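Visitor: Quick one, what's the 3D model for this:
(chains A and B)
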Amino acid sequence: DGGITQSPKYLFRKEGQNVTLSCEQNLNHDAMYWYRQDPGQGLRLIYYSQIVNDFQKGDIAEGYSVSREKKESFPLTVTSAQKNPTAFYLCATQWTSGYNEQFFGPGTRLTVL
Amino acid sequence: DQQVKQNSPSLSVQEGRISILNCDYTNSMFDYFLWYKKYPAEGPTFLISISSIKDKNEDGRFTVFLNKSAKHLSLHIVPSQPGDSAVYFCAASETQGGSEKLVFGKGTKLTVNP
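Guide: The predicted model follows:
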């Protein structure tokens, strides 16, 4: 059963705590991406990685960190430095050659209380 | 500085009629364009794409048109069905740039009324 897994679907944390969102894929895609969606907004890119052990900042990387130790996994840590962490977080994957679409996971809704 | 703009936040059409969703872009280096459909609390699903060497791409009820001189693309859904009700995102990428990042518009919420 191929696909992208994000867990959990809903996550609650207290203000000031770091939290790590999981993203796992078995599509054998090279590139992985993290986006954030806020109400009335499009998808904004947080971080992306085109190859293991390498990643790049997106448009809104402040307050977030990532790692890419395995091709299948790209966890996102929302740190206490992120001022407005409550949002819907989406992970995506993509082949890196040619014209290819990104495939999205089901998302994680993070609420910071 | 929005590089991809969807100027209509919402659109309402009758079942069976045509839905036309519009998207404008400013970066002339974009050469690949995509449309995604998204339901609340779910990830977007890919609908249809077009490369800059074409001006039209069709897949069933969905057709995307690209006007490069106007930096404009549109998604036509014919005939519209109630199940098409969702938020539609336009996205663009610069495939020659080496990163293949997608830039998304803010979305248009389509409501198809029975």
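
Visitor: In contact with residue 22, which residues?
Guide: Because you didn't say which chain, this covers chain A. For residue A:22, the contacting residues are A:5, A:6, A:7, A:73, A:75, A:108, by C-beta atoms under 8 Å, 6 or more residues apart in numbering or on different chains. Heads up, the C-betas are built off the backbone N, CA and C, glycines and all.

Visitor: Wait, chain B was what I had in mind.
Guide: With contact set as C-beta under 8 Å, 6+ apart, residue B:22 has these partners: B:6, B:7, B:8, B:72, B:73, B:74, B:108.

Visitor: so what's the residue found closest to the first one once you drop the neighbours it is linked to in the chain scoring on pLDDT?
Guide: Read that as residue B:6. Excluding the flanking residues, the one nearest residue B:6 by C-beta to C-beta, 6 or more residues apart in numbering or on different chains is residue B:105, at 3.8 Å. As predicted, residue B:105 sits at a pLDDT of 95.

Visitor: What about the residue nearest to residue A:4 when sequence neighbours are not counted? Give its phi and psi, please.
Guide: Counting by C-beta to C-beta, 6+ apart, residue A:4 lies nearest to residue A:105, which is 3.7 Å off, once chain neighbours are set aside. Backbone torsions for residue A:105, taken as degrees, to the nearest 10, come to phi -80, psi 180.

Visitor: returning to that earlier point: and the residue nearest to residue B:6, how close does it get to residue A:67?
Guide: Computed as C-beta to C-beta, to the nearest Å, the residue B:105 to residue A:67 distance reads 30 Å.

Visitor: and the contacts of residue A:22, which two are the farthest apart?
Guide: Within the contacts of residue A:22, A:73 and A:108 form the most distant pair, 14.6 Å apart (C-beta to C-beta).

Visitor: Between those two, which has more neighbouring residues?
Guide: A count of neighbours by other C-beta atoms under 10 Å in any protein chain shown puts residue A:108 above the other of residue A:73 and residue A:108, at 21 against 15.

Visitor: Tell me which stretches of the chain form strands.
Guide: Assuming you mean chain A. Here chain A has its strands, by DSSP state E, at A:4-7, A:10-13, A:19-25, A:31-37, A:43-51, A:54-57, A:64-66, A:76-78, A:87-94, A:103-104, A:108-112.

Visitor: oops, I was thinking of chain B
Guide: Secondary structure of chain B (DSSP E): strands at B:4-5, B:10-14, B:19-25, B:32-38, B:45-51, B:56-59, B:62-67, B:72-77, B:86-93, B:102-104, B:108-113.

Visitor: Show me where chain B dips below the pLDDT cut-off.
Guide: Within chain B, the ranges that satisfy pLDDT under 70 run B:96-99.

Visitor: Out of the contacts of residue B:22, grab the one that's most surrounded.
Guide: Highest neighbour count within the contacts of residue B:22, by other C-beta under 10 Å: residue B:73, with 24 neighbours.
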